[in-house]
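Engineer: sequence and predicted model, in that order:
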Amino acid sequence: MRLTLTRRRVLIAVLLAAAVIVAAVVPGYTGAYGLLVAFQIVQLAALAQAWSLMTGYGGVVSLAVAAFVGVGSYATAEIAAHAGWGLLPSVLAGGVVAAVFALIVSVPMLRFRGLYFTIGSLVLAEALAIFMSNYNGLGGNQGVTLPGTAPSAQTIYLLSLTVAVLAAGIVAWLVRSRLGLGLRAIRDDEDVAERVGVPTFRTKLTAFLVASSVMGLVGGIQAQWTGYIEPTGAFALDWTVETVNAAIIGGVGTITGPLVGAAVSVGLSQRLANYPEIHLIILGVLLIVIIRLAPNGLWGLACQLFRIGERRFATVRGVAGVFGGFGSVGAASATAAGSDRGPAGNAATRTGSAAGTPLLRAAGVGKVYGGVRAVDGVDVELRQGEVLGMIGPNGAGKSTLIGLLSGAISGEGTVELLGEDVTGTGAQQRARRGIGRTHQVPRPFGQMTVMENLLVAHLHGAKGDGRTARAECERILSRCGLLEFADVRASDLGLLRLKRLELARALAVRPRLLLLDEIGAGLVESELRELIELIRQLRTEVDAILIVEHVIDVIRECCDRLIVLDGGKLLVSGDPDVVLRDPQVAAVYLGTSGGEAVSRTPRRAAAGARPLLEVKGVAARYGAFHALHDVSFTVGEGEVLALLGANGAGKTTTARTISGMLPVSGGEIWFDGQRISGRQPHDIVRLGVAHCMEGRKIFGDLTVEENLLLGARAAGSSREQSRRLESVYEIFGALRDRRGNSGFGLSGGQQQMLAIGRALMADPRLIIFDEISLGLAPIMVDRLYETLTSINERGVAMIIIEQNVKRGLALADHVAVLEKGQVALVGDPAEMRDDDHLLSLYIGEAKGGDPAVPATAHAVAAVPAVPAVTAPAEPGSLE
Amino acid sequence: MTIPTGGELLSALVIGVLLGGVFAITALGLSLVFGVMRLVNIVHGEFIVLGAYLALELTRHAGMDPLLTILIVAPVLFVFAAPLYRVLLEPLMAKGPEPALLTTFALSVIGQNLYIQLFSGDTQSLQASYATASFSVGSVRIPTMYLISFAIALALCGGVHLMLQRTGLGREIRASSEDSATAAGLGVNVTRVRIFVYGLAAACAAVGGVLVGLTFDFTPTSGLTYLLTGFAVVVLGGLGSVKGTLLGAILLGVIESVGASFFGDGYRDLIGFAAFLIVLSLRPQGLFGRVQVS
């Protein structure tokens, strides 16, 4: 496959070269008109190419083309007129002046992100046009005439052709380079690009300068061609319009696209030369049609139809066979090329690491958001050779602290890295100096492949060598069980693999210090075991690791030292076993370890009664990925169903099909005797199904009360709304106290309460709770589950999706266990507890005993690979 | 550049504040669409101009008083723009910000050239007795039209603000602009909300167009200037806030007027744009806005 691609590439290159030669020679023989048309095409092609650099790769839509073309043409004209320079030098001067102008305006412009940049560019162009029209220097409204004998049209044309070819060449080279990768990373997620070491300002500036110089050159050439310029024409918005049209119609993101677009655009304008307005109208319509039907442009369409492999359009999917997740770590590290580290065996001792020198030292660090002290005067050290754990209740400031340490956030206090004060430096610098971090919610460079995600980090953050970069990244991918997915686009991966990608990418910067933010969240027993194993092995590769976690198991097994944060302050620190037994810590954080606080006797529905909810043979997919195959279960009136399963089994997907957020591709769903599959979410809500979504999803901008009222849309009269509001406040007193507060100000637990309250406002007969315990301290979860019990006692049926099996079983009347998009087990909680099949889904090997709590761990030497997930988990099911 | 006298400065200040009224109306629709849908509606300027042309036709052929045409022109633009959004733009919204943006760009180009074809490129304006009248307050000469525009602006902004804060529809609009997926899950018909907002924005633009036609004059390509002024207002006043739009518009009006008294009227727009660029580079979230995640 690769070879064919190369052969095709060579073919295209040859064709293009031939085209260039033809273009250079032929117009000389077609007379003045032919030369004019060829000239216009070539000029426009160069402009479209330059614009494509910013938009196709950089992702910013610039509407300031006219500004740089105008600057270039004025510079050339003035220099030719007053300094008497010839064709080539004056045109080059035009390009240089345009670049200088770009440099000046880049200071404000490059600070704008996304849409603001577009607006800013339009304003800039227009401001410049107005200025030049009013300014009386530089020839004023009379313009500038170029003196003397004009160079021949043929010569000017050849110069233009050269510029166009060079522009294409530079863009082609740039996008395959380190800079191009950086540019695309910036496009996908600028903040994260910084955190993997991409010099964002410099990268954007380079692209900006290259693009503007080309535009300036084109302007200069235009001035020479017409021999005369004046402000209205030089800075006319038409330049921008034509360029954008040509680039989009041809297709951004490739080298050939702009050329095709230019040809089409010029051809069209020549045909309609007598009707200039109609020409623009038609071009506008064409643009709309292309955007809608062929977003990759005409060339992109041709590539897709004829399978021409210009790399941008090829979507190579890795072979997603059965594989063992983190389990392949063991095998990989033994064969990893270039690794000079020993095997993991000697790294597992907890006490005994030499009292390391502090590698990262934070003193008095703090951060204030609004009036809230997220982190308050924390002193923390990360020492050579240690794994430091950090726990704390929700809202304690753990992620903020990671942000402060890694440079993503600036605040009070000082931070010292490897002996140097880095307090003033940003994330990019710290990444280059050796800090690698993961994000709690994965933030991949979505449009780039897995391999490219690592390459960006490696080439920039680790200052890797271009030649060995690929091999090095392959080694890391293999380590993290992602090698098969190297060519898959990151946005196509599921949550579990995205978390691995986070880790792999952090490793790609060759960090000395690794900061892991809740990397264990959402994993089940077998996956956790593999994670623990991986962390143990990483000890030999990095100098120190800081782990933020809620999953106590990971802390107990991996950490040498443990610190506890609460309310932004450091509460306790020391040996993990000691700290975990400290009563202070227990009081604020641990509560009961899980599920013992809640118990209820399972309810049995009246025999023969029609079930409230019937899910029959439901299938669903995300694009080509089939998430659900044949899911069937029922929920009776007032019953509680626990929907369990490993990550990626399809629990959240199932929830979404029931609430109507995802259409079913097969099967049916019936609620209260009516078919709800295929209906809109707002209809389904009105029928009595509420969905408390994963991640809470409350509206920060609205007050607590407004959030609640939104849940009662279908209530009709405001009296009914008030009644429901009162009943929710009765359950959640904390919400009543804060009814006028905006959602932003609430803690995680309060937000979850609000989410549940909001679901209740719909007066539902069935509520789906999707992972309400994620990210919350156990004591908070206990309280929430008590509330769930009392809600159920009012007769509301519930579907509870839970990672924590024990909690799920404690509350349920029935249990359904999903596996790979199908129901693998159905039954009663009591039966489930001892079922071997269920156990194997969670802990890898059938073992006796309590399956639910990932409790006291016995060190497992080698965990057999569990084929728990064969396909990416539900996209979008992020915390 | 000349240094204005105290009297001239005072005059510029007052005029600037009143001018802010026109700016506010022309910017309100832009702010709404950007705030709710994150869409840079480049064709907004053309909606303004369309309002002006429609009013012109109504005054010419039906003899209507220009201000009264607002009652017809605004609903017409609503009915025109809402389906336009539904058919052309809504399907693109899921694909990221660029496709919809570029489509509005294309629509803008189509609009301008269509106007040239239909109405010729001549400069037009709406005629009315109050359009040229003025009165004095102390030493300051105030064109009546400016005052009328300001009053209408206050009324319009007030109405929209109340709608957003006090009604169920307003709640849905605000929720949809923050998190449309969740809003949909709660039963909000996000598509309908967006269509409504777009239509409303166009209706506001139309009102702005009538006022522009009365206060100044217009050509097929005037839209661009008001688009950019609208951006400047949105940036100065912060996103998603009706109050902010009004304040930002007044601020811009003052900056432009005062600046014009120093540098001359030809540079009026330029000063506004310069202010815009400066503020944006210093404070990307606008003067009154909350921090905007890009």
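Structural biologist: Thanks, I have the structure now.

Engineer: please count neighbours and contacts with C-alpha atoms only from this point.
Structural biologist: Will do.

Engineer: now B:Thr167: how far from chain A?
Structural biologist: For B:Thr167, the distance to chain A (Cα to the nearest Cα, to the nearest Å) stands at 10 Å.

Engineer: ok and the residue in chain A nearest chain B?
Structural biologist: A:His682 (3.4 Å; Cα to the nearest Cα).

Engineer: backbone dihedrals for that residue, please?
Structural biologist: According to degrees, to the nearest 10, the main-chain angles of A:His682 amount to phi -70, psi -30.

Engineer: nearest spatial neighbour of it, skipping sequence neighbours?
Structural biologist: Spatial nearest neighbour of A:His682, excluding adjacent residues (Cα to Cα, 6 or more residues apart in numbering or on different chains): B:Gly187 at 3.4 Å.

Engineer: for A:Thr634, same thing?
Structural biologist: With Cα to Cα, 6+ apart as the criterion, A:Thr634 has its nearest non-adjacent residue at 4.6 Å, and that residue is A:Glu614.

Engineer: now do the phi/psi pair for that neighbour.
Structural biologist: Dihedral angles for A:Glu614 - degrees, to the nearest 10 - are phi -130, psi 120.

Engineer: what sits against it?
Structural biologist: For A:Glu614, the contacting residues are A:632-635, A:669-671, by Cα atoms under 8 Å, 6 or more residues apart in numbering or on different chains.

Engineer: one more: B:Gly266?
Structural biologist: B:Gly266 touches A:134, B:260, counting by Cα under 8 Å, 6+ apart.

Engineer: change it to 10 Å
Structural biologist: A:130-131, A:133-135, B:260 (Cα atoms under 10 Å, 6 or more residues apart in numbering or on different chains).

Engineer: ok, A:Thr200 next?
Structural biologist: With Cα under 10 Å, 6+ apart, A:Thr200 has these contacts: A:110, A:179, A:182-183, A:185-186, A:190-191, A:193-194, A:206, A:428.

Engineer: tell me, what's the model's pLDDT at it?
Structural biologist: A:Thr200 carries a pLDDT score of 88 in this model.

Engineer: strands of the stretch 1-150 of chain B, residue ranges please.
Structural biologist: B:134-137, B:140-143 (DSSP state E, counting those that start in this stretch).

Engineer: using PyMOL, define a selection of the buried residues within the contacts of B:Gly266.
Structural biologist: A single PyMOL command is used to select the members of these judged buried by 16 or more other Cα atoms under 10 Å in any protein chain shown:
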select buried, (chain A and resi 130+131+133) or (chain B and resi 260)
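
Engineer: any chance of the contacts of B:Gly266 in JSON lines, plus pLDDT?
Structural biologist: Below are the contacts of B:Gly266 laid out as JSON lines (pLDDT from 0 to 100):
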{"residue": "A:Ile130", "pLDDT": "83"}
{"residue": "A:Phe131", "pLDDT": "84"}
{"residue": "A:Ser133", "pLDDT": "81"}
{"residue": "A:Asn134", "pLDDT": "77"}
{"residue": "A:Tyr135", "pLDDT": "78"}
{"residue": "B:Ala260", "pLDDT": "86"}
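
Engineer: for the contacts of B:Gly266, which one is nearest B:Gly51?
Structural biologist: Nearest to B:Gly51 among these, counting by Cα to Cα, is A:Ile130 at 24.9 Å.

Engineer: excluding sequence neighbours, find me the nearest residue to that closest one.
Structural biologist: B:Leu270 (6.8 Å).

Engineer: what about that neighbour, is that helix, strand or coil?
Structural biologist: helix (DSSP: H, G, I helix; E, B strand; the rest coil).

Engineer: for burial, what's the neighbour tally of it?
Structural biologist: 22 (other Cα atoms under 10 Å in any protein chain shown).

Engineer: same check on A:Ile676?
Structural biologist: Around A:Ile676 there are 23 residues (other Cα under 10 Å).

Engineer: surely it and A:Gly667 touch.
Structural biologist: No: if you go by Cα atoms under 10 Å, A:Ile676 and A:Gly667 don't touch, sitting 11.3 Å apart.

Engineer: quick revisit: now the strands of the stretch 1-150 of chain B as a markdown table including distance to chain A, mean pLDDT and mean neighbour count?
Structural biologist: Shown next, in a markdown table, are these (distance: least, Cα to the nearest Cα, whole Å; pLDDT from 0 to 100; neighbours: other Cα atoms under 10 Å in any protein chain shown):
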| stretch | distance to chain A | mean pLDDT | mean neighbour count |
| --- | --- | --- | --- |
| strand B:134-137 | 29 | 84 | 10 |
| strand B:140-143 | 26 | 85 | 16 |
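
Engineer: so for B:Leu56, which of these sits nearest?
Structural biologist: Shortest distance between B:Leu56 and those, using Cα to Cα, is found for strand B:140-143: 20.9 Å.

Engineer: can I get the helix or strand encompassing B:Gly259 as PDB, trimmed to CA atoms?
Structural biologist: Assigned by DSSP states H and E, B:Gly259 belongs to helix B:242-263. Extracted C-alpha coordinates of helix B:242-263, given in PDB (Å, rounded to 0.1, in the frame of the first residue of the first chain):
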ATOM      1  CA  VAL B 242     -27.200  42.700  25.200                       C
ATOM      2  CA  LYS B 243     -26.100  45.200  27.800                       C
ATOM      3  CA  GLY B 244     -22.500  44.900  26.600                       C
ATOM      4  CA  THR B 245     -23.600  45.500  23.000                       C
ATOM      5  CA  LEU B 246     -25.300  48.700  23.900                       C
ATOM      6  CA  LEU B 247     -22.400  49.900  26.100                       C
ATOM      7  CA  GLY B 248     -19.900  48.900  23.500                       C
ATOM      8  CA  ALA B 249     -21.800  50.700  20.800                       C
ATOM      9  CA  ILE B 250     -22.000  53.900  22.800                       C
ATOM     10  CA  LEU B 251     -18.300  53.600  23.500                       C
ATOM     11  CA  LEU B 252     -17.500  53.100  19.800                       C
ATOM     12  CA  GLY B 253     -19.700  56.000  18.900                       C
ATOM     13  CA  VAL B 254     -17.900  58.200  21.300                       C
ATOM     14  CA  ILE B 255     -14.400  57.100  20.200                       C
ATOM     15  CA  GLU B 256     -15.300  57.600  16.500                       C
ATOM     16  CA  SER B 257     -16.800  61.000  17.000                       C
ATOM     17  CA  VAL B 258     -14.100  62.300  19.200                       C
ATOM     18  CA  GLY B 259     -11.500  60.900  16.900                       C
ATOM     19  CA  ALA B 260     -13.200  62.500  14.000                       C
ATOM     20  CA  SER B 261     -13.000  65.900  15.700                       C
ATOM     21  CA  PHE B 262      -9.300  65.400  15.800                       C
ATOM     22  CA  PHE B 263      -8.500  63.800  12.500                       C
END
